[in-house]
Structure formats: structure tokens, C-alpha cells
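Peer 1: model the structure of this input:
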Amino acid sequence: MSATDALPPSLRPSRTARAITLAVLLLVLVYSLAPIYWLVVSATKSNPDLVSSNGWWFAENNLVANYHALMSWTQGLFWRWVANSVLYSLVAGVVGTLLSVAAGYGLAKFRFPGRGAVQVVIMAGLLLPIALLTIPLYLVFDRMGLTNTMWAVIIPSCVSPFGVFLGRVYAQSSVPDEILESARIDGAGEVRIFFTMVLRLLAPAMVTIFLFIFVATWNNFLLPLMMLNSADLKPVTLGLYGMMSYFNPQYGAVLQGALLGVIPLVVLFLSLQKRWQSGLAAGAVKG
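Peer 2: The predicted structure is shown next:
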């Protein structure tokens, strides 16, 4: 029995509504999967095949040749760039998630002077494009001697106004004051309460925040472009950009690099899909 069959007859959607919903979902599915399919097909083609053949059908298989071209142009650094992207995104995701839920929990459950002003500043941060902060960040990190280091990418990526906002909304409704008071009466300190109790209650929100920070760090292009000039420290996005700016690049090799570079994101989303969806749904309901 489906979920709609369990509803009263008056609340069940009509056949027309079901058909329209199914058609829209199929269109969204095709729209979402078509670029991935095109990328898979194009990663097997040479430059002439990309121009002469249909973009939606396989031509002569140049998969191995494109991979060798990718490794040759990058001087064997491609997988190093992928590892750099994973490192930057993973560290920023873990640290940024802890900072976000800690700040959100503090704003939701503690009363202190300036609390309202802090919330206004965080909300304003949601409206401010991160690209506007890149040059000021570069000047600050240059004075600190941190440019051309991994910290120049990781530290700014750990700050997430959206993560703080979601953590505050979720903590406000998911962390009962009664549990906190009981723990304090039993003698537990605030740090112990946060790490042993609050983090477990905020687990769905933490997964959602982690994914948002991870993807934002992975896709960030302007920040590493400004901060890094060493080939060994580049993320995969910046490395592939350098390949595209080369005279007469092998587009099939670049597309294969893009395909291989997105695999960690696909694996991460598939492995955390259920937790991510529950976190979004809970946040929407509690908001």
C-alpha cells in the first residue's frame, strides 16, 4: 500500500495530478542526469570527435589516450589535486560543522548581551557573496604570512553563516531545555553537555551543514586562485582551469578530469543521502 492509498478519499490526489507530478519528476530527472551523461560520453572523445560527432552518442573510444594526456599535461599531479580538494573540503566541513552547531546552539539556548546583534550579523552574512570577501581575505592572510598555504583555503571555508543559521533553528526545537537542566543538576559541565548530548540531538542538521560546507569548499574557485600559486597545493578545480587556459588544450582530457574529479562528491552524497534528506526535512519543519 502506498502512502497516498492510506489517505482519506477526500485527500487523495487525482489521477491527473499524479500524472502531472510524475511527468514533472521525470523532466527534472532527465534535466539532472543529462549533463552527467554528456560528460561521460565526451570524456571518451578526441578534439575532432567533439566537434564532428553527436554530443549524445559515443564515437571512437579515446578514454585511455585522454587519461594519458591528462596525466602528461598535469605532470602526474592530477590525483594530487583531487586529494587536495578532498583534504580542504573534509577539514573545512568537519571544523565548520562543529563551529556552526556550537554557535547555533549558543544562540538558541543562552541569553547574553548583544545576542540579537549577533543574529543580525549572521543573517547579513547569508546575503553577502563570498567573492566580495576574497580580496580583503587575501590582504589579511598575506600580512599573516599564510598565503600559498593550505590554511589560506581551509580557514575561510570553515565559516558558514548558513550553517550557524541552520544549527540555531534546529537546536531551538530539537534540544529540550529540560534535558539541559537535568544534566546541569547532575553536575555535568557545558562542554560535556555539548559533546555528549547536544551533538547527538543535532546529528541530522550536522550532516546537512557538513555537505553544504564540503560542496562549497570543493567548488570554490576564486579563493584558491587568489591564495595559491604552488602547483602542489592546487585543488582540482584550479588545476583543470589551468589546463583549459593552455593553448590548444585536449578538451576530452579536461572533461575526463572533470568526470574523475566529481566522483568523490557523488560517493559522498550517495553515502549520506538519507541523513541529508532527513536533516533538510527536519530543518524545514522546525523552521
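Peer 1: name the element residue 99 belongs to?
Peer 2: helix 78-109 (DSSP states H and E).
Peer 1: helices and strands around that helix, which ones?
Peer 2: helix 115-127, helix 151-157, helix 161-174, helix 203-219, helix 236-244, helix 251-271 (3 or more CB pairs under 8 Å, 6 or more residues apart in numbering; DSSP states H and E). Every C-beta, even on glycine, is put in place using the N, C-alpha and C of the backbone.
Peer 1: for these, give me JSON lines that also has mean neighbour count.
Peer 2: As requested, the helices and strands packed on helix 78-109 are exported to JSON lines (neighbours: other CB atoms under 10 Å):
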{"stretch": "helix 115-127", "mean neighbour count": "12"}
{"stretch": "helix 151-157", "mean neighbour count": "21"}
{"stretch": "helix 161-174", "mean neighbour count": "21"}
{"stretch": "helix 203-219", "mean neighbour count": "22"}
{"stretch": "helix 236-244", "mean neighbour count": "19"}
{"stretch": "helix 251-271", "mean neighbour count": "17"}
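Peer 1: nearest to residue 143, out of these?
Peer 2: Relative to residue 143, the nearest member of the helices and strands packed on helix 78-109 by CB to CB is helix 151-157, separated by 12.0 Å.
Peer 1: returning to that earlier point: what's the angle from the helix holding residue 99 to helix 203-219?
Peer 2: Using axes from the mean of the first three to the mean of the last three CA atoms, to 10 degrees, the direction of helix 78-109 lies 140 degrees away from that of helix 203-219.
Peer 1: for helix 78-109, buried residues please.
Peer 2: 78, 80-82, 84-86, 88-93, 95-109 (16 or more other CB atoms under 10 Å).
Peer 1: quick one: which of the helices and strands packed on helix 78-109 is nearest residue 70?
Peer 2: helix 251-271 (4.2 Å).
Peer 1: which other helices and strands contact the closest one?
Peer 2: Using 3+ CB pairs under 8 Å, 6+ apart: helix 251-271 touches helix 15-42, helix 47-52, helix 63-73, helix 78-109, helix 203-219, helix 236-244.
Peer 1: what average pLDDT does that helix get?
Peer 2: Per-residue pLDDT over helix 251-271 has a mean of 86.
Peer 1: again, but for stretch 181-190
Peer 2: Averaged across stretch 181-190, the pLDDT comes to 88.
Peer 1: residue ranges with poor pLDDT in the stretch 151-287 of the chain?
Peer 2: Applying pLDDT under 70 to the stretch 151-287 of the chain flags residues 246-247, 274-287.
Peer 1: now do 90
Peer 2: Within the stretch 151-287 of the chain, the stretches falling below the threshold (pLDDT under 90) are 169-191, 196-205, 207-208, 229, 231, 239-255, 258-287.
Peer 1: for residue 127, give its distance to residue 120.
Peer 2: 11 Å (CB to CB, to the nearest Å).
Peer 1: do residue 177 as well
Peer 2: Taking CB to CB, one finds residue 177 at 24 Å from residue 120.
Peer 1: just residue 136 next, same as before
Peer 2: Residue 136 is 21 Å from residue 120, by CB to CB.
Peer 1: residue 79 now?
Peer 2: Distance from residue 79 to residue 120, by CB to CB: 44 Å.
Peer 1: do the same with residue 25
Peer 2: Residue 25 is 39 Å from residue 120, by CB to CB.
Peer 1: then residue 232?
Peer 2: In terms of CB to CB, residue 232 sits 41 Å off from residue 120.
Peer 1: report the distance from stretch 35-50 to the chain centre.
Peer 2: 25 Å (CA atoms, centre = their mean, to the nearest Å).
Peer 1: per the record, what domains does this structure have?
Peer 2: The record, using automatic domain parsing to delimit domains, assigns the chain the ranges 9-69, 77-286.
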